[in-house]
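Undergrad: need a 3D model of the following:
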Amino acid sequence: MRKVKTLTADELVKEQISQINADELLKKNIYDYGIDVIEDRALADYRDGFKPAQRRILQSAKDLKAYADSKTVKSARVTGDCMGKYHPHGSAYGSLVTLVNSDYPVLDGQGNYGDINNGPAAERYTEVRISEIGMKCLECMAVADTVPNYGGDLQEPIVITSRFPTFFVNDCEGIAVGIKSHFPAHNLEEIVAALKVAVKKGESMTVNDIVKHVKGPDFAYGGKLISPPAEVYALYANGKGALQYECEYTIVPDGRNWLLTITGYCPNFTPMTFINKMTDLIKDKNSGVVYVNDSSTKDEPCKLEVILKSKEYFDLKIKKMLTKTVNYHFYTIERHKSTAIDKDVVVDVLEPTMLELLLNWVDWRKEVETKMTQRELNLNLEREVRLRTKLSATENLNVVKDALESNDPVKHVLQHLPYVVQLNKTNSDLAKICAEYLMDQKLNAIRKLDAKKLNEDIAECVKSQNELNDDLSDISKVVIRELDKLKKFYKPRKLKIAN
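TA: Next comes the predicted model:
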């Protein structure tokens, strides 16, 4: 018999250590960490435009039924439920505030959610509910793919099946491991126009088709885009690039001095930083700055006033502070379904162009709208067969009465009620469901059914089925129809185009 050598504890540890390749282990750990940061924190999915924390906040608000027509709930309740159910990393209040303060807010906030200069109040002081736009995001949730939450006891959506193009209209920025993503906010009306072209033209769409409708990014606090059209074109064509902005301002004589009034803050311009610089210059008696004041109000959220000694000093020192350059890179992710707990998705990191994003979003919407239309058709068919079962019962009350007195009422209906007998030949499962449904009704209720009303309801079902079948034959028109419904959310462009 072969003798087996027994290793000591020290020898066993040495053997385990010697079998580890440090380079491979480091690469694997960094890769796993990087993917976790990309998927679970930093980057949004282009389909719904949400990062995981934002998606889970919206799901938590939905669980609480904090709908647009309901009363608001404490923000702390939403973030607490989110952490307990879906997002164990910590409070996602920052994500909630972002959803409230977005150009097109998915959540309606009540209380102090801050502004461009100030942070929000604590979550125990503010309240929130889903906005009308947020409700548009949730209209197709019945067909959303889900995965187990971190505990495995609940399901959460992989992506929100949103009819609202959140990714394109709300500023989306994130820093992951080795990747910095920044997709600018856009005007909804312009994006909808571009998406409709993407639906109609498909793969034949070009960047020229985009810039005909999308003039460039938009920004809630105004300002001006001073980059030439060629730079905007290059950004959309390549998915990365830089654009230059300028604050909107006027400078006019004011006695012996000059009055600079800033009425629009461009992207990357921070009013408080500018005020602090002006304050420092005022302290310097040799500078050309005499006075600075933030005159903004609720009605005029952008208004800074600066008194200068000369126009030349403005041109030389101050004007460059009102010009900003923003770098963009269209990194995004696409999450895929998996049933495994703790490894709930496979992530594709994409570096798409604007054209690819628009076309991919439209393809995804066609897929979702097909599922929704098919679901509505199936529900309509079920309603029709139940109505026909009721109609057949009113015409054959003796069969229903005998069924109720028999040992197996469902079997009796399957064998004797004319409509159910006929249905049983083609779809036995549905026939059984109808028989069980009928036996759940009271005999007196069946007697009181109006045959005329039943026939009207059946005719309405048939009409709806024809319309739904027409939609399935041309799902593109459904996507366009739903995009047209976003018209009530349109806003005027705030960021002006200099060229």
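Undergrad: and residue 243, that's in a strand?
TA: Yes. Remark: residue 243 belongs to a strand, assigned using DSSP: H, G, I helix; E, B strand; the rest coil.
Undergrad: that one and residue 404: what is the separation?
TA: 74 Å (CB to CB, to the nearest Å). In this view, the C-beta of every residue, glycine as well, is placed from N, C-alpha and C.
Undergrad: could you do residue 41 as well?
TA: Taken as CB to CB, the span from residue 41 to residue 404 is 60 Å.
Undergrad: tell me which element residue 259 is part of?
TA: strand 257-264 (DSSP states H and E).
Undergrad: state the mean pLDDT of that strand.
TA: For strand 257-264, mean pLDDT rounds to 95.
Undergrad: so is residue 129 in a helix, a strand, or just coil?
TA: Going by three-state DSSP: residue 129 is strand.
Undergrad: that one bridge partners, please.
TA: Note on residue 129: beta-bridge partners by DSSP bridges are residue 108.
Undergrad: correct me, but it touches residue 60?
TA: No. Residue 129 is not in contact with residue 60 according to CB atoms under 8 Å; the separation is 12.0 Å.
Undergrad: more neighbours, the two?
TA: More crowded of residue 129 and residue 60, by other CB atoms under 10 Å: residue 60, with 25 against 21.
Undergrad: ok, that one - contacts?
TA: 78, 79, 81, 82, 85, 86 (CB atoms under 8 Å, 6 or more residues apart in numbering).
Undergrad: turn those into a markdown table, including neighbour count.
TA: Shown next, in a markdown table, are the contacts of residue 60 (neighbours: other CB atoms under 10 Å):
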| residue | neighbour count |
| --- | --- |
| 78 | 29 |
| 79 | 25 |
| 81 | 19 |
| 82 | 26 |
| 85 | 18 |
| 86 | 23 |
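Undergrad: possible to save those as a markdown table with pLDDT and distance to residue 314?
TA: Listed next are those as a markdown table, based on pLDDT from 0 to 100; distance: CB to CB, whole Å:
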| residue | pLDDT | distance to residue 314 |
| --- | --- | --- |
| 78 | 97 | 47 |
| 79 | 97 | 45 |
| 81 | 96 | 52 |
| 82 | 96 | 48 |
| 85 | 95 | 55 |
| 86 | 94 | 52 |
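Undergrad: let me know the closest of those residues to residue 357.
TA: For the contacts of residue 60, the minimum distance to residue 357 (CB to CB) is 26.4 Å, reached by residue 86.
Undergrad: that closest one - nearest residue in space that isn't next to it in sequence?
TA: Setting aside the residues directly before and after it, residue 86 is nearest to residue 56 in space (CB to CB, 6 or more residues apart in numbering), at 4.0 Å.
Undergrad: residue 274 too?
TA: Counting by CB to CB, 6+ apart, the residue nearest residue 274 is residue 321, at 6.2 Å.
Undergrad: pretty sure the one you found contacts residue 277?
TA: Yes. Residue 321 lies in contact with residue 277 (CB under 8 Å); the separation is 6.8 Å.
Undergrad: ok, residue 105 - contacts?
TA: 99, 131, 133, 134.
Undergrad: quick one: which two of the residues you listed are the most distant?
TA: Checking these with CB to CB, the most distant pair is 99 and 133, at 10.0 Å.
Undergrad: between those two, which contacts overlap?
TA: By CB under 8 Å, 6+ apart, residue 99 and residue 133 have these common neighbours: 105, 106.
Undergrad: can you show me the strands along the stretch 301-450 of the chain?
TA: Shown for the stretch 301-450 of the chain, the strands assigned by DSSP state E, counting those that start in this stretch span residues 304-308, 323-329, 332-337, 345-350.
Undergrad: convert the third one to PDB, retaining C-alpha atoms only.
TA: Below are the C-alpha coordinates for strand 332-337, written out as PDB (Å, rounded to 0.1, in the frame of the first residue of the first chain):
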ATOM      1  CA  THR A 332     -22.300  53.800 -21.100                       C
ATOM      2  CA  ILE A 333     -23.200  50.200 -20.200                       C
ATOM      3  CA  GLU A 334     -25.700  47.600 -21.200                       C
ATOM      4  CA  ARG A 335     -26.900  45.200 -18.500                       C
ATOM      5  CA  HIS A 336     -28.100  41.700 -19.300                       C
ATOM      6  CA  LYS A 337     -30.300  39.200 -17.500                       C
END
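Undergrad: just the buried residues of it, please?
TA: 332, 333, 334, 335 (16 or more other CB atoms under 10 Å).
Undergrad: where does the residue nearest to residue 274 land on pLDDT?
TA: Per-residue pLDDT puts residue 321 at 96.
Undergrad: residues near it, how many?
TA: Using other CB under 10 Å, residue 321 has 13 neighbouring residues.
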